[in-house]
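Trainee: Below are the sequence and a predicted model for it; my questions follow.
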Amino acid sequence: VYKRQVQGRVGRLDQLAHQLLEATAVLATNLKFEVVQATTGRSDLEVGDGLDELVRRQLLLADGDIFRFQHDLVQTAVVQMLTPWRRRLLNRRAGEALEVVFREDLDTVASQIAYHFDEAREIKPAIRYYERAATYARRVYADHEAVQYYEIALALVADESADGQLDSQIRLYEGLGQVLRRQASYERAEGVFQSMQATAEQLGDPQALAQSWLRLGQVQDSENRYDDSLQSAVNAKALAAEYGFDTAYVYALYAQAWALFRLDMLDDALPIAQEAVERCKQLDDLDLMAYSQNTLGAIYKYQGHYQLSEKHQHLALELFEQTGDTRRVAGMLNNLGETARLRQDYNQAYDYYQQAVVIAGQIGERDWLVEFLSNLGFAQSKLGKQSEAEHSLRQAIEMAQAANQEEKAAEITQLLSELTTDNPPI
């Protein structure tokens, strides 16, 4: 019934207003004057006259130079009235209009542009803008949206009409896998990086293959599969050495040193970490230098060289702050807390852990938050903050169980049990 009513109201519009209504219905959002004009290709006066009529007929509402539909049902009904070919045409025009009007701020409208090109069956630009939208979502820690955009883009790449898109597919797999790892969805992340590996092999791209080994190793590290992560680092290192990929080689050195550190093979890890730091000086890669400094600091920490450890950890923290890597800043604060804990400076450890937990919570970091909360709970117990410690540890257990980290959950449960045994409730 409502659709017939809308059809009746639309049927009374002149040709200009009718065209503008169709364009605004397809745009749906971002109904700025300039966007509507670019979509329709009409002159300023024509667009002004047509929009005025749509407002008078109570189809649109005006707020300065931005318009919106009086009722969402009107927008939906108008879109449904369009023929398939006209809907595709208007979506293509809408995507191109948004590109022009927001050319200085494309990231914020990338998902809308991608949607319009997708609806227009313009596959290649749709993939490009979904990837851009996903990258932007990752940057602002909107992980749910990032996963959604990556998955849509990958589905489009699989479309038979998307020839020559294997390079895009590798990037999309890498981005999706990183987000899933950050969400502690390790099984899915591992599957995605294995798909990245298969695509790199299909494309014959040794650099992407080395990168896929490094990414796979990161997931294996998160799952405490340190022998596997060491082997992945060795595989990446061999490829990088064979093909002369200097940056990938240093990343593999860092990953190898980190895996050896995780396996408590500190004497083997130390010279590799030192080599990574020295080679970093020849590369313009602040992130890699920060990772390598952190690894060196971690090794020194467990060798009991606390001053050396803190020196390298502070260097890593400064580099991550410089690059704006909030996630890694949280990680470094936690690492500094660990060094303070080993020095038995529990007040300092508590301060560092608390900062790490706050940042991780703000950005939705699930991969590390379990460890941060567990560490915070331990420090709180040492400071006599028993109720706070129990709360932190219970949170860590719940998150570990949700991420299927059963060993970690059991480890924290044991810590909680020891805490409540040693400090029974009054």
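Mentor: Alright, I've got the coordinates.

Trainee: Distance from the chain centre to the helix or strand containing V357, please.
Mentor: In the assignment (DSSP states H and E), V357 maps to helix 346-363. Helix 346-363 has its C-alpha centroid displaced from the chain centroid by 22 Å (Cα atoms, centre = their mean, to the nearest Å).

Trainee: can you pull the buried residues of it?
Mentor: Neighbour counts over helix 346-363 (16 or more other Cβ atoms under 10 Å) mark 346, 348-357, 359-360, 363 as buried. In this view, the C-beta of every residue, glycine as well, is placed from N, C-alpha and C.

Trainee: buried stuff in the next helix-or-strand element following it?
Mentor: The first helix or strand that comes after helix 346-363 along the chain, using DSSP H and E, is helix 369-382. Buried residues in helix 369-382, defined by neighbour count with 16+ other Cβ under 10 Å: 369-381.

Trainee: Excluding its own residues, what touches helix 369-382? List them.
Mentor: With contacts defined as Cβ atoms under 8 Å, 6 or more residues apart in numbering, helix 369-382 is touched by 184, 330, 334, 337-338, 341, 346, 349-350, 353-354, 356-357, 360-361, 386, 388-393, 395-396, 399-400, 403, 405, 408, 411-412, 415-416, 419, 423.

Trainee: Could you check the angle that helix makes with helix 346-363?
Mentor: Counting by axes from the mean of the first three to the mean of the last three Cα atoms, to 10 degrees, helix 369-382 points 150 degrees away from the direction of helix 346-363.

Trainee: Just the CA trace of helix 369-382, in CSV.
Mentor: C-alpha atoms of helix 369-382 as CSV (Å, rounded to 0.1, in the frame of the first residue of the first chain):
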residue,chain,number,x,y,z
LEU,A,369,44.3,-8.1,26.8
VAL,A,370,44.2,-11.5,28.5
GLU,A,371,47.9,-11.3,29.3
PHE,A,372,47.6,-7.6,30.4
LEU,A,373,44.8,-8.3,32.8
SER,A,374,46.5,-11.4,34.2
ASN,A,375,49.7,-9.3,34.8
LEU,A,376,47.7,-6.5,36.4
GLY,A,377,45.9,-9.0,38.7
PHE,A,378,49.2,-10.3,39.9
ALA,A,379,50.6,-6.9,40.6
GLN,A,380,47.4,-5.9,42.4
SER,A,381,47.7,-9.0,44.6
LYS,A,382,51.2,-8.1,45.5
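
Trainee: average pLDDT for it?
Mentor: The average pLDDT for helix 369-382 rounds to 95.

Trainee: After it, which helix or strand is next?
Mentor: Reading on from helix 369-382 to the C-terminus, the next helix or strand found by DSSP H and E is helix 386-402.

Trainee: and that next one with helix 369-382, angle?
Mentor: Using the same axes, to 10 degrees: helix 386-402 against helix 369-382 is 160 degrees.

Trainee: what element comes up after helix 386-402 heading to the C-terminus?
Mentor: The first helix or strand that comes after helix 386-402 along the chain, using DSSP H and E, is helix 406-422.

Trainee: I'd like to know which elements that next one is packed against.
Mentor: With contacts defined as 3 or more Cβ pairs under 8 Å, 6 or more residues apart in numbering; DSSP states H and E, the packing partners of helix 406-422 are helix 369-382, helix 386-402.

Trainee: Right, I'll call it a day here.
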